[in-house]
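Starting from these lines, generate the structure:
(chains A, B, C and D)
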Number of protein chains: 2
Amino acid sequence: MSSQQTIRLALIDDDSGFVTVLSKRTAAAGWQQRTLGGAIPPEELVAMKLNALVIDPTVIGEDGWAYLERVCGMLPDLGVIVCTERSTVSQRVRGLRLGVDDWIGKPCHPEEVLARIEAVLRRRRRARPQAESGPMVAGELEIRSDRFQAFVAGASLDLTRREFELLQLLAESEGQVLEREAIYQRVWGYAMAHGDRSVDVFIRKLRQKLEKRSSGWRYIHTHFGVGYRFDPEPVSGAVAAPAAAAESTATLVADEQEQIPTG
Amino acid sequence: MSSQQTIRLALIDDDSGFVTVLSKRTAAAGWQQRTLGGAIPPEELVAMKLNALVIDPTVIGEDGWAYLERVCGMLPDLGVIVCTERSTVSQRVRGLRLGVDDWIGKPCHPEEVLARIEAVLRRRRRARPQAESGPMVAGELEIRSDRFQAFVAGASLDLTRREFELLQLLAESEGQVLEREAIYQRVWGYAMAHGDRSVDVFIRKLRQKLEKRSSGWRYIHTHFGVGYRFDPEPVSGAVAAPAAAAESTATLVADEQEQIPTG
DNA sequence: TCGGCCTGTGAAAATCCTGTAAACCGAGGC
DNA sequence: GCCTCGGTTTACAGGATTTTCACAGGCCGA
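Modelled structure (predicted):
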């Protein structure tokens, strides 16, 4: 399910041991992580579209409190976890009241840090049910997850839930070839049984409905022996079209990445 | 809305010193607090309409983990803070992954406990920036939260409390498809048990009462396999057959354009 | 070009989901 | 205690959706 979007985390710390160990863990968990040596203007943090920030204010020095306050104030949606050595109760209370979500003492076990980050994010997501994520657009398709439906020129494709989730997954991975097993695993939520053709069947249904409402485009491409790839392409109308015309169109869509997930 | 709605807290612990000190603090902070000597069925916790729960699982003994899991599962909106003596990293990680929001080691300073509870709750409160305002209008429906009632042309629909809350939730999210679990969670206040049909039943009651007073409109639409969507639409009563115009073609393609799951 | 996979299709069979009605239950009011 | 009312559960039927099948047609390497 797409509710498990990968976590984007930034780490502001200069304790190389801690950074190394934690990075290894977050990488293993599939999170996107960025390590920063020192204070970064909150504006840049915004641009990073982070979910969480782990910070040791001592690397900032004097202005630590002010920095924390500014970050928490400017990014109320960001999960902020302080992780630092020696601290007094009143410092922790001050930090928490300032807007910090959790305060961990060093030394600490990286697994606990991860668990605490998850706890912070879990709560935050629950609070903002299906926040942003405006409609996704592809070709003349508009995919609206708040309606569990896709539209072309305002007309609903009338997708069923499975069809919609499949389309959404494909569209999210635009340009990538997804193997059947991977698709099944992510849409159905469990491993695909050997010989199951459900994915193919749903791809067909999707193609039918897409064709019905948006016949001028091709969205789903088959990769023989591998899987499917979503990539909206206007259908080059007549094959008899002037060579030149077709050619140029081709160049526009030519930059396809044929990557095959190493399996 | 006053962001300072008083906090309702329950404390499950038998360490009288801790209980006393903490109670004094929470009282001073103006929180409503209830101390419980041991495990309480989650159902009763629901009835208490708590914001947060501070618990020392050791007072429960063996079933501590199971209890935590049950509570966190049933009340995803409840802030759960574990406060206990001696604990290992793996215990803390297990707890946090289970759904616990914060894990504090005893002995600890009551002020820090308060600050951590606040940090946990802070997230959840920001969730509804929803400025309560005048009556909401949808179709020929007027929803007045000050009266816990909806009206059509001045006539009350005679909604019960649940019916009203359900309608209000739906109307607030006009246009969005809400999943049953989400509806249940927000109206009933705790997690929906698998197989519970309460939402459907109340949707039917609502539809009946809406139909009785406003038969010219359709308000609640069903999204098969997903949930419900509120969107007032005047019912296109007379489908004055678009006449002969495309008659011949129509017969051939007629079965294609109907769609849009109106419910 | 041939044969062995692999994918596209259409439809039947199996499941799942929702609308509806009615039985149940506990809390109050009389 | 008896009755009413709101809320919960349960049972069932009709549909919608998903799965499963069998076969046809296409892609590729030998």
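
Find the residue closest to residue A:161 in space, skipping its chain neighbours.
In this structure, residue A:161 finds its nearest non-sequential neighbour in residue B:225, 3.9 Å apart by C-beta to C-beta, 6 or more residues apart in numbering or on different chains. Where you see a C-beta, it was placed from the backbone N, CA and C, and this is true even at glycine.

How about residue A:82?
In space, residue A:82 is closest to residue A:103, 4.6 Å off (C-beta to C-beta, 6+ apart).

Quick one, grab the pLDDT at the residue of the stretch 1-150 of chain A found nearest DNA strand C.
Of all residues in the stretch 1-150 of chain A, residue A:148 sits closest to DNA strand C, at 11.1 Å by C-beta to the nearest atom of the strand. We note a pLDDT of 97 for residue A:148 in this prediction.

go on, residue A:38?
We have a pLDDT of 84 for residue A:38.

Pull up the gap between the residue nearest to residue A:161 and residue B:71, please.
30 Å (C-beta to C-beta, to the nearest Å).

How many residues are close by whatever residue of the stretch 51-200 of chain A ends up closest to DNA strand C?
The nearest approach of the stretch 51-200 of chain A to DNA strand C comes at residue A:200, 4.4 Å away (C-beta to the nearest atom of the strand). Neighbour count of residue A:200, defined by other C-beta atoms under 10 Å in any protein chain shown: 12.

my read is it is in a helix, agree?
Yes: the assignment for residue A:200 is a helix, going by DSSP: H, G, I helix; E, B strand; the rest coil.

quick revisit: check contacts around the residue nearest to residue A:82.
For residue A:103, the contacting residues are A:81-84, A:87, A:92, A:95-96, by C-beta atoms under 8 Å, 6 or more residues apart in numbering or on different chains.

With distance to DNA strand C and secondary structure as added columns, please give the residues you listed in JSON lines.
Shown next, in JSON lines, are the contacts of residue A:103 (distance: C-beta to the nearest atom of the strand, whole Å; DSSP: H, G, I helix; E, B strand; the rest coil):
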{"residue": "A:81", "distance to DNA strand C": "38", "secondary structure": "strand"}
{"residue": "A:82", "distance to DNA strand C": "43", "secondary structure": "strand"}
{"residue": "A:83", "distance to DNA strand C": "43", "secondary structure": "strand"}
{"residue": "A:84", "distance to DNA strand C": "48", "secondary structure": "strand"}
{"residue": "A:87", "distance to DNA strand C": "49", "secondary structure": "coil"}
{"residue": "A:92", "distance to DNA strand C": "43", "secondary structure": "helix"}
{"residue": "A:95", "distance to DNA strand C": "44", "secondary structure": "helix"}
{"residue": "A:96", "distance to DNA strand C": "39", "secondary structure": "helix"}
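
So which one of those is the model least confident about?
The minimum pLDDT among the contacts of residue A:103 falls on residue A:87, with 93.

Any idea how many residues pack against that residue?
Neighbours of residue A:87 under the rule other C-beta under 10 Å: 17.

and the closest residue in space to it that isn't next to it in sequence, how many neighbours?
Nearest residue to residue A:87 in three dimensions, chain neighbours excluded: residue A:105, at 6.5 Å (C-beta to C-beta, 6+ apart). Using other C-beta under 10 Å, residue A:105 is surrounded by 13 other residues.

bridging residues for residue A:105?
Residue A:105 has these beta-bridge partners by DSSP bridges: residue A:84.

Distance of the closest residue to residue A:86 other than its chain neighbours relative to residue B:109?
Closest residue to residue A:86 apart from its sequence neighbours, by C-beta to C-beta, 6+ apart: residue A:105 at 7.7 Å. Relative to residue B:109, residue A:105 is positioned 14 Å away (criterion: C-beta to C-beta).

Pull up the residues of the stretch 1-150 of chain A that are close to chain B.
A:76, A:89-90, A:92-93, A:96-97, A:99-102, A:109, A:111-112, A:115-116, A:118-120, A:122-124, A:126-130, A:146-149 (C-beta under 8 Å from any C-beta of the partner chain).

just to revisit the earlier point, residue contacts, the residue nearest to residue A:87?
A:83-87.

Just the strands from chain A, written as ranges.
Assigned by DSSP state E, chain A shows strands spanning A:8-12, A:32-36, A:52-55, A:79-84, A:102-105, A:136-138, A:141-144, A:149-152, A:155-156, A:177-179, A:217-223, A:227-234.

can you pull out the helices in chain A?
Counting by DSSP state H, one finds helices in chain A at the ranges A:16-28, A:42-47, A:64-74, A:89-98, A:110-127, A:161-172, A:180-188, A:198-213, A:243-253.

In the stretch 101-250 of chain A, which residue sits nearest DNA strand C?
Closest point on the stretch 101-250 of chain A to DNA strand C, by C-beta to the nearest atom of the strand, is residue A:222, at 3.8 Å.

In space, what's closest to that residue - neighbours in sequence excluded?
Distances taken as C-beta to C-beta, 6+ apart place residue A:228 nearest to residue A:222, at 6.0 Å, with adjacent residues excluded.

What number of residues are in the vicinity of the closest residue to residue A:116 other than its chain neighbours?
Excluding the flanking residues, the one nearest residue A:116 by C-beta to C-beta, 6+ apart is residue A:102, at 5.1 Å. As a burial measure, residue A:102 scores 26 neighbours (other C-beta under 10 Å).

Also residue A:16?
9.

ok, now residue A:118?
Neighbours of residue A:118 under the rule other C-beta under 10 Å: 18.

Near DNA strand D, which residues of chain A are found?
With C-beta under 7 Å from any atom of the strand as the criterion, chain A meets DNA strand D at residues A:160-163, A:188, A:193, A:196-198, A:201-202, A:224.

quick one: residue A:145 from DNA strand D, how far?
Applying C-beta to the nearest atom of the strand, to the nearest Å, the value for residue A:145 to DNA strand D is 16 Å.

mind checking pLDDT for that residue?
94.

same question, residue A:262
33.

where does chain A have low pLDDT?
A:1-4, A:127-133, A:237-263 (pLDDT under 70).

which parts of it sit against DNA strand C?
Within chain A, the positions lying close to DNA strand C (C-beta under 7 Å from any atom of the strand) are A:180, A:197, A:200-201, A:203-204, A:207, A:222, A:224-227.

buried subset of those?
With neighbours counted by 16 or more other C-beta atoms under 10 Å in any protein chain shown, the residues of chain A next to DNA strand C contain buried members at A:180, A:203, A:227.

what's the distance between the residue nearest to residue A:210 when sequence neighbours are not counted and residue B:121?
Using C-beta to C-beta, 6+ apart and skipping the chain neighbours, the partner closest in space to residue A:210 is residue A:219 (5.3 Å). Distance, residue A:219 to residue B:121, by C-beta to C-beta: 45 Å.

Many thanks, I have nothing further to ask.
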